[in-house]
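**Student:** predicted model follows, preceded by the sequence.
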Amino acid sequence: MEVPAIRLPDKKGYFGKFGGRFVPETLISALNELEQAYSEASKDREFQKNFKHLLSTYVGRPTSLYFASRLTEHLCGAKIYLKREDLAHTGAHKINNALGQALLAKKMGKKRIIAETGAGQHGVATATGAALTGLECEIYMGSEDIKRQSLNVFRMRLLGAKVNEVSIGSKTLKDAINEALRDWTTNVRTTHYVMGTVFGPHPFPLIVRDFQSVIGSEAKKQILKAEGRLPDYLVACVGGGSNAMGLFYEFLDDNIKIIGVEAGGTGISSGEHAARFAGGSIGIFQGTKSYLLQDDNGNVLGTHSVSAGLDYAAVGPEHAFLKESERVLYTYATDDEALAAFDLLAAKEGIIPALESSHALAEVIKLAPTLPKDKIILVNLSGRGDKDVQHVASLRGEEL
Amino acid sequence: MSRIRSAFKKCREKNRKAFIAYIMAGDPDLDETKRRVLLLAKTGADIIELGVPFSDPLADGSTIQRAAERALSAGVTLKDVIKLVKEIKETINIPLVLMTYENLIYKYGEERFVNDAAAAGVDGVIIPDLPPDEALGIIKPARAAKLDTIFLAAPTSAKERLTKIASASRGFVYYVSLVGITGSKLDIGEELRNHISYLKTCTSTPVAAGFGVSNPQDAKEMSQIADGVIVGSAIVKIFHEQPDRAEEFIKQLREAI
């Protein structure tokens, strides 16, 4: 029997007990304005038509669903399909949301958009959306991330964005979000904050999920066409969790297993990781209530991952809800496992995956051999790995 | 009447406004914090706000961010600051308000925090990332423990929100005097005056204004609009950079308000 799904979040932005709106009063009016504008845009045919047109002619959607036959053969188990978000314009799924929010900012009459970025993919996507819509753009990025993702920093500048280096705290994504929120608090009347993941105060987790859910709705049609049935497993990596929510959302009511993969860093016991479900607890951070890596006093812990895009202390509130309701199983992959997956996909399929996506592939490498050959795994290849090539080379002591 | 309200009443009787001074607890350590509190009280502060350091203070500018970093590296926790308040209250009876972010309180346990804080002599609490809409878990125990809940109103708050904020606030309403973070540049203009005047018509609770009040001149202008003036970053900065000049600066602020 099909259970009718309860559509979340509720009016206050909660997914069960997670979510909400924990921000300084200065931002409340902007969040109300955004909620209103988004609700109008969802019903505005012109807006939707324009967005869909750009997704198709500019972003290159639908992205393909590719049967990875050599990887499947190599792993001797379930059939593996890759949802090729790496083929989207700018090289990752981030453009789906950044473009949607840039159009929304334009509709709201804002002159300027700002964003945080970890791996640089969301920064590049936002700078792209700004160039396309003629908005001013500033990106906040931790100095640690600037070092390991220098290629993307240059791309953002080429696209006309100003990149601000954040060198306070852990100098990574969380500090970039703090600075972006401070900028937004200061310039809220003229500026829209393009939150890059399913995180932050309501309505961001809702908006980002909706803009990303195109991934899952395409994948569903594509797998039905290719196989005549739904997959048995969905797998995606989870940093903030936007590519995962984008894939999972359309399948939540279906009878299939769903797995989210966090960054295990050098292992959970080492403390050097970003596995919020494996090593964290419930907290309130950057506008929302969710799982968080924090110490006993409630201060946020530093994180580690080989992948800048997963190197974040908290996770989207809807993921926390899906974990507690046991709809989604969350696991993690270590740096080494992700790096091995990075190599394997390049060697077997001629595709260099982003280090973020490599975490999802690492789980597939563990899972596929345990399953019979008639089972199907659909994994979100959320981005391409060009941006990571330099970093991986330097890890191996090679200078490019 | 709460000690905070009495402080405002005393100021009115003396025909002046309330001077509310903020410092970061534990910057650079707790002994020095205690010494600074006594100095502020002696030099004429009516209410003192003690910041409790949090790793990610998103409403704060660089001065208070750095102060929080110093306090965190000294290992100062919410529990330590509550204990410090108890010690200070054994010496003097000035109203003390804790200002910190919701995650520290959530982790401590909201009800437990309210009870421990009130028992230690804390008079009020300001949580910049906790708007009244999300604050039921604090408000309920705080009413029972007679701990004042001070909420923030901002220049971007619509009129109906001002009413909501004022009615959830006890002790005073904290009017954020600029669109931005602590320590930014202040511009006291017509819009600000009108907005504060409107807020004052919504409530009988005093309205104190702060964010960006960096010198005696700002403080004086602000004192002509609001019932109290809050000075934070400027005091944190002078204690850190020119501790010898701090007393004189605080005196000037006192005279201006």
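**Tutor:** Ah, there it is.
**Student:** could you check how far residue A:130 is from residue B:156?
**Tutor:** 24 Å (Cβ to Cβ, to the nearest Å). C-beta: built from backbone N, CA, C; applies to glycine.
**Student:** higher neighbour count, those two?
**Tutor:** residue A:130 (27 against 21; other Cβ atoms under 10 Å in any protein chain shown).
**Student:** and the residue nearest to the more buried one when sequence neighbours are not counted, how many neighbours?
**Tutor:** Spatial nearest neighbour of residue A:130, excluding adjacent residues (Cβ to Cβ, 6 or more residues apart in numbering or on different chains): residue A:137 at 3.5 Å. Using other Cβ under 10 Å, residue A:137 has 24 neighbouring residues.
**Student:** now do the strand or helix carrying residue A:137: everything it contacts.
**Tutor:** Of the helices and strands defined by DSSP states H and E, residue A:137 is found in strand A:136-142. Contact with strand A:136-142 is made by A:111-118, A:120, A:123, A:126-127, A:130-131, A:149, A:153, A:156, A:159-167, A:170-173, A:175-177, A:179-180, A:183, as judged by Cβ atoms under 8 Å, 6 or more residues apart in numbering or on different chains.
**Student:** which among the residues you listed end up buried?
**Tutor:** By neighbour count, with 16 or more other Cβ atoms under 10 Å in any protein chain shown, the contacts of strand A:136-142 hold A:112-118, A:120, A:123, A:126-127, A:130, A:149, A:153, A:156, A:159, A:161, A:163-164, A:166, A:170-173, A:175-177, A:179-180, A:183 as buried.
**Student:** how about the most centrally placed residue in chain B, phi and psi?
**Tutor:** With distances taken as Cα atoms, centre = their mean, residue B:49 lies nearest the centre of chain B, 4.2 Å away. Residue B:49 adopts backbone torsions of phi -100, psi 130, taken as degrees, to the nearest 10.
**Student:** give me the pLDDT for the residue nearest to residue A:130.
**Tutor:** With respect to pLDDT, residue A:137 has a value of 98.
**Student:** one more: the one 5 residues further on?
**Tutor:** In the prediction, the pLDDT value recorded for residue A:142 is 95.
**Student:** so how far is residue A:186 from it?
**Tutor:** 20 Å.
**Student:** cool, residue A:157 as well?
**Tutor:** From residue A:157 to residue A:186 the distance is 23 Å (Cβ to Cβ).
**Student:** ok, the two, which is more surrounded?
**Tutor:** residue A:186 (16 against 13).
**Student:** wait, the more buried one touches residue B:180, no?
**Tutor:** Yes - taking contacts as Cβ atoms under 8 Å, residue A:186 lies within contact range of residue B:180: 3.9 Å.
**Student:** strands along the stretch 251-400 of chain A, start to end?
**Tutor:** All strands of the stretch 251-400 of chain A, identified by DSSP state E, counting those that start in this stretch, fall at A:257-265, A:281-285, A:287-292, A:329-334, A:376-381.
**Student:** near chain A, anything from the longest strand seen in chain B?
**Tutor:** When chain B is parsed with DSSP state E, its longest strand is strand B:18-24. No - using Cβ under 8 Å from any Cβ of the partner chain, strand B:18-24 never reaches chain A; the gap is at least 14.3 Å.
**Student:** what parts of the stretch 151-300 of chain A come near chain B?
**Tutor:** Near chain B, when you scan the stretch 151-300 of chain A using Cβ under 8 Å from any Cβ, you find A:168-169, A:174-175, A:178, A:181-182, A:185-189, A:283-287, A:289, A:292, A:294, A:296-300.
**Student:** and if we set it to 7 Å?
**Tutor:** Residues of the stretch 151-300 of chain A found near chain B (Cβ under 7 Å from any Cβ of the partner chain) are A:168-169, A:174, A:178, A:181-182, A:185-186, A:188-189, A:283-286, A:294, A:297-300.
**Student:** thinking again about what came up before, and the longest strand of chain B, what other elements does it pack with?
**Tutor:** helix B:3-13, helix B:30-43, strand B:47-51, helix B:62-73, strand B:207-210, strand B:228-231, helix B:233-241, helix B:246-256 (3 or more Cβ pairs under 7 Å, 6 or more residues apart in numbering or on different chains; DSSP states H and E).
**Student:** what strand or helix carries the closest residue to residue A:177 other than its chain neighbours?
**Tutor:** Distances taken as Cβ to Cβ, 6+ apart place residue A:116 nearest to residue A:177, at 4.5 Å, with adjacent residues excluded. For residue A:116, the element it lies in under DSSP H and E is strand A:112-117.
**Student:** relative to strand A:136-142, how tilted is that strand?
**Tutor:** Angle of strand A:112-117 versus strand A:136-142, following axes from the mean of the first three to the mean of the last three Cα atoms, to 10 degrees, is 20 degrees.
**Student:** got the contact list for strand A:112-117?
**Tutor:** A:102, A:105, A:122-123, A:126, A:130, A:135-141, A:173, A:176-177, A:180, A:183-184, A:187, A:190-194, A:196 (Cβ atoms under 7 Å, 6 or more residues apart in numbering or on different chains).
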